[in-house]
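Engineer: structural data only, the sequence is not supplied:
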């Protein structure tokens, strides 16, 4: 037990020594992301990621302007509920968050003039949002001061927006869900109204094009039998503060994940960690085992490193 405590203390000490910044254990471990609803106008707003639409093209722009059920719509109320998101904190580590029941009735026709705040949720700091999921469960349309029920096809009630790849780096991030109601409301030949939600989405805040860096380390072509330390540096200067510094424990069998980073030149360094115990005292030394400089993100959406240590 004492050895485990000593090792934990050593790892903390090493992280401090390898970083110019103090280890801030009291920093918030989550970031807040807000979701707002707006009108579905393409190429509008401070779009960082180009808008993409779900659903199908119901009408051409000209025909929907002329469609009487669009021109005569005074209100279109929908209930938006059960929001969830899929997020990743590391390679192969992704999951859907527990759905949050946040029912909100929105008049989509008013979104042409303003935006509405829907909800705010917390995600682990530095995680990547991969997908969004929510439901539009009820709808009512008002035409000539008369309310009519609106059918929502079962397969259209749950909306999933995939392949987002948005990294959350601060509390100023915002997801904008734009619902283009003029393309979503349809009047069937029998006179019934139907809603086929057409959703645009965009991200406001710091958004980077990021690619994963991961791989494995072999010692004499075999799985390591001792813990290693790995660091990632921008460029070739390994005397600077590493961008990433982490242990490779034995249970990982030499495999590591260094996160997602912008494209550029990086250097990965692996160190041995040698511990010496004398009673309750422990000393350690860190010696470089191998290093490699590589170009990241030029040709592929990831960099896979295979590092070899000759011993």
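Structural biologist: Sure thing, it's come through. Please read all numbers here as calculations on a predicted model, not as lab measurements.
Engineer: for the strand ranked longest in the chain, packing partners?
Structural biologist: Of all segments of type strand in the chain, defined using DSSP state E, the longest is strand 73-90. Where contact means 3 or more Cβ pairs under 8 Å, 6 or more residues apart in numbering; DSSP states H and E, strand 73-90 is packed against strand 93-96, strand 104-107, strand 116-124, strand 128-143. (Glycine included, C-beta is placed from N, CA and C.)
Engineer: single out the most deeply packed of those strands.
Structural biologist: Stretch with highest mean neighbour count among those: strand 128-143 (a mean of 19; mean count of other Cβ atoms under 10 Å).
Engineer: what's the average pLDDT for the helix or strand just after it?
Structural biologist: Later in the chain than strand 128-143, the nearest helix or strand by DSSP states H and E is strand 146-151. Mean pLDDT, computed over strand 146-151, is 92.
Engineer: which residues touch strand 146-151?
Structural biologist: If you take Cβ atoms under 8 Å, 6 or more residues apart in numbering as the criterion, strand 146-151 is touched by 76, 139, 140, 141, 142, 185, 192, 193, 194, 195.
Engineer: got those as a markdown table, with pLDDT and distance to residue 97 columns?
Structural biologist: Output for the contacts of strand 146-151, formatted as a markdown table (pLDDT from 0 to 100; distance: Cβ to Cβ, whole Å):
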| residue | pLDDT | distance to residue 97 |
| --- | --- | --- |
| 76 | 92 | 29 |
| 139 | 93 | 26 |
| 140 | 94 | 30 |
| 141 | 92 | 32 |
| 142 | 93 | 35 |
| 185 | 85 | 31 |
| 192 | 87 | 36 |
| 193 | 89 | 33 |
| 194 | 89 | 31 |
| 195 | 88 | 26 |
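Engineer: let's have these in a markdown table, adding distance to residue 308.
Structural biologist: Shown next, in a markdown table, are these (distance: Cβ to Cβ, whole Å):
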| residue | distance to residue 308 |
| --- | --- |
| 76 | 62 |
| 139 | 60 |
| 140 | 66 |
| 141 | 66 |
| 142 | 70 |
| 185 | 62 |
| 192 | 68 |
| 193 | 66 |
| 194 | 61 |
| 195 | 58 |
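Engineer: circling back to that earlier point, the longest strand of the chain: which residues count as buried?
Structural biologist: Residues of strand 73-90 classed as buried by neighbour count (16 or more other Cβ atoms under 10 Å): 73, 76-78, 80-88.
Engineer: again with stretch 234-241
Structural biologist: residue 234.
Engineer: now the end-to-end length of that stretch.
Structural biologist: Using Cα to Cα, to the nearest Å, one end of stretch 234-241 lies 9 Å from the other.
Engineer: tell me where the model's unsure across the stretch 151-300 of the chain.
Structural biologist: 205-210, 282 (pLDDT under 70).
Engineer: need the phi and psi values for the closest residue to residue 87 other than its chain neighbours.
Structural biologist: In space, and not counting its chain neighbours, residue 87 is closest to residue 127: 4.8 Å by Cβ to Cβ, 6 or more residues apart in numbering. Per-residue torsions, residue 127: phi -70, psi 170 (degrees, to the nearest 10).
Engineer: separation between residue 127 and residue 187?
Structural biologist: Distance, residue 127 to residue 187, by Cβ to Cβ, to the nearest Å: 43 Å.
Engineer: in this structure residue 305 contacts residue 269, no?
Structural biologist: No - Residue 305 is beyond contact range of residue 269, at 11.5 Å (criterion: Cβ atoms under 8 Å).
Engineer: what lines up beside the helix or strand harbouring residue 268 in the sheet?
Structural biologist: Assigned by DSSP H and E, residue 268 belongs to strand 264-278. Pairing partners of strand 264-278, with direction, according to DSSP bridges: strand 228-234 (antiparallel), strand 281-296 (antiparallel).
Engineer: let's see the pLDDT reported for residue 134.
Structural biologist: pLDDT recorded at residue 134 is 91.
Engineer: show me the contacts for it.
Structural biologist: For residue 134, counting by Cβ under 8 Å, 6+ apart, the contacting residues are 80, 81, 82, 83, 84, 158, 159, 177.
Engineer: between those residues, which is nearest residue 286?
Structural biologist: Among the contacts of residue 134, residue 84 lies closest to residue 286 (Cβ to Cβ), at 43.0 Å.
Engineer: mind listing what that closest one touches?
Structural biologist: Counted by Cβ under 8 Å, 6+ apart, residue 84 has contacts 96, 97, 98, 99, 100, 132, 133, 134.
Engineer: how does it look with 10 Å?
Structural biologist: 96-100, 121, 131-135, 158, 160 (Cβ atoms under 10 Å, 6 or more residues apart in numbering).
Engineer: which pair of these spans the longest distance?
Structural biologist: Maximum pairwise distance in the contacts of residue 84, criterion Cβ to Cβ, is 18.0 Å, between 121 and 158.
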